[in-house]
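Trainee: coords please:
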Amino acid sequence: MSGFRSKYAWKASPVLVFCALTLGLTACGEIDQTAKVDKIYAGKKDSKAYEGTKFAGDKAKWESALVERSKTQNEYIRTDVADVKKPNPN
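Mentor: The predicted structure follows:
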């Protein structure tokens, strides 16, 4: 069996070296990821969340609605766990 290894080992070594070098050099390369300056955004312009019909552009009303909604999403308050200290909402 040792004759088999010594007879074909020299054929496998260059392939392994080539694969290792290829993987090593590929890992070192980096593609440029900077945005192109001449590219124009083709989508629609986004509006502010509070500019809809519900809040009519009133940002303070929108922020207070967010605070009220977050109070109902707090699991400590919803489950009324007595042995766990409730977090300070402020």
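Trainee: Residue ranges in the chain under the pLDDT threshold?
Mentor: In the prediction, the chain carries residues with pLDDT under 70 at positions 1-12, 39, 77-78, 80-90.
Trainee: Checking the residue nearest to the spatial centre of it next. Helix, strand or coil?
Mentor: When Cα atoms, centre = their mean is applied to the chain, the residue found nearest the centroid is Q33 (16.3 Å). Secondary structure, DSSP: H, G, I helix; E, B strand; the rest coil: Q33 is coil.
Trainee: residues in contact with it?
Mentor: Residues touching Q33, when contacts are defined by Cβ atoms under 8 Å, 6 or more residues apart in numbering, are absent altogether. For the C-beta atoms, the positions are set from N, CA and C on the backbone; glycine is no exception.
Trainee: That one and Y50, how far apart?
Mentor: Applying Cβ to Cβ, to the nearest Å, the value for Q33 to Y50 is 34 Å.
Trainee: How many neighbouring residues does Q73 have?
Mentor: With neighbours defined by other Cβ atoms under 10 Å, the count for Q73 comes to 8.
Trainee: can you tell me how far it sits from L66?
Mentor: Going from Q73 to L66 by Cβ to Cβ gives 10 Å.
Trainee: what about the helices in the protein?
Mentor: According to DSSP state H, the chain carries its helices in the segments 2-28, 59-72, 75-79.
Trainee: Same list (these) but as JSON lines, adding distance to D46 and mean neighbour count.
Mentor: As requested, these are exported to JSON lines (distance: least, Cβ to Cβ, whole Å; neighbours: other Cβ atoms under 10 Å):
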{"stretch": "helix 2-28", "distance to D46": "38", "mean neighbour count": "9"}
{"stretch": "helix 59-72", "distance to D46": "15", "mean neighbour count": "11"}
{"stretch": "helix 75-79", "distance to D46": "31", "mean neighbour count": "10"}
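Trainee: can you redo these as CSV with distance to G43?
Mentor: Listed next are the helices of the chain as CSV, based on distance: least, Cβ to Cβ, whole Å:
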stretch, distance to G43
helix 2-28, 34
helix 59-72, 23
helix 75-79, 37
